[in-house]
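Engineer: Got a predicted model here, sequence first, then my questions.
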Amino acid sequence: MANWLDGKVVDNRRLNEYLTSLIIDVDIGAYEAGQFVRVGLPEADGVLARPYSLVNAPEEPYLEVYFNIVEEGPLSPRLFDLQAGDQVLVSDNPSGFLTVSEIPRCRHLWMVATGTGIGPFLAILKSEAVWQKFDRVILCYSVSYTSELAYQDLIGQIRAQRGEQFGYVPIVTRERHDAALGKRITALMQDGSLEAFAGVGINAADSHVMMCGSSNMITDVSAELNARDMKKHRRRDPGHYTTEKYH
């Protein structure tokens with residue numbers, strides 16, 4: 001069972017009226033890029049908390065969690081309104097298997113994210129391990145509207161630093177974006193345009209796919225991968241895709 005650590009908000013960086021990232025000063029000990037912690041606030045009968053993936057690399061000084069406000073939710077509106085200096089509770093047991101160390105060796109690593117599911121992949125991309133293990137790393141980032149494409153400066157820095165080893169596929173599904181693809185991820189896989197855009201195929205021979213985001217996306221993409229003779233990865237039964245569900 002986790003112990004709760006007292007954290008302090010360093011910054012609240014709003015992307016828009018319903019997306020933000022909290023920067024938190026707290027020492028949670030050792031963990032791997034791609035893992036998550038529980039973040040919460042005290043209540044009369046305990047702690048109200050939920051899991052959030054960490055956007056920061058482990059070597060960075062502060063924790064960062066990126067999330068959307070759920071207006072009817074009991075916690076996210078309160079976290080959304082926190083300001084620098086406010087207190088927040090953070091669990092001391094980082095968890096999760098969406099990490100580079102858990103993935104079998106292969107040539108190409110795909111990271112498929114919807115919405116705030118981009119968080120753990122940014123942490124992984126900022127760490128060195130992923131670049132040492134794979135020939136190509138492709139980030140596929142799908143949102144509904146252009147205003148939801150977060151961390152574009154950071155992604156641009158990674159592109160400049162890693163060159164041809166890094167591929168970026170932005171997807172905007174509900175409005176036109178000249179630099180992005182415009183269909184659901186499974187539709188882009190089925191018509192070949194996703195892999196054509198990236199210049200890399202998705203197959204059982206040399207690919208692994210990490211997914212984080214909506215349950216519908218994960219279910220649909222998993223079915224498409226299964227149809228390509230790819231299977232879910234487990235420690236005792238190595239496979240071709242790994243998932244982390246946000247809801």
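Structural biologist: Alright, I've got the coordinates. Numbers count the residues shown, from 1 in each chain.

Engineer: alpha carbons only for contacts and neighbour counts from here, please
Structural biologist: Noted.

Engineer: Point out where the protein drops to low pLDDT.
Structural biologist: 1, 245-247 (pLDDT under 70).

Engineer: for it, longest strand please?
Structural biologist: strand 4-14 (DSSP state E).

Engineer: What is the very next helix or strand once past it packed up against?
Structural biologist: As assigned by DSSP states H and E, the chain's next helix or strand after strand 4-14 is strand 19-25. Here strand 19-25 touches strand 4-14, strand 63-68, going by 3 or more CA pairs under 8 Å, 6 or more residues apart in numbering; DSSP states H and E.

Engineer: Give me the angle between the following helix or strand past strand 19-25 and strand 63-68.
Structural biologist: For strand 19-25, the following helix or strand on the C-terminal side (DSSP H and E) is strand 36-43. With axes from the mean of the first three to the mean of the last three CA atoms, to 10 degrees defining the directions, strand 36-43 sits at 80 degrees from strand 63-68.

Engineer: how far out from the middle of the chain is strand 36-43?
Structural biologist: In terms of CA atoms, centre = their mean, to the nearest Å, the centre of strand 36-43 is set 19 Å apart from its chain centre.

Engineer: Touching whichever helix or strand comes after that strand from outside, list them.
Structural biologist: Reading on from strand 36-43 to the C-terminus, the next helix or strand found by DSSP H and E is strand 46-53. With contact meaning CA atoms under 8 Å, 6 or more residues apart in numbering, strand 46-53 is reached by 34-42, 65-67, 75, 119-120.

Engineer: Residue 130 and residue 124 touch, don't they?
Structural biologist: Yes - judged on CA atoms under 8 Å, residue 130 makes contact with residue 124 at a distance of 6.7 Å.

Engineer: Give me the more crowded residue out of the two.
Structural biologist: residue 124 (25 against 18; other CA atoms under 10 Å).
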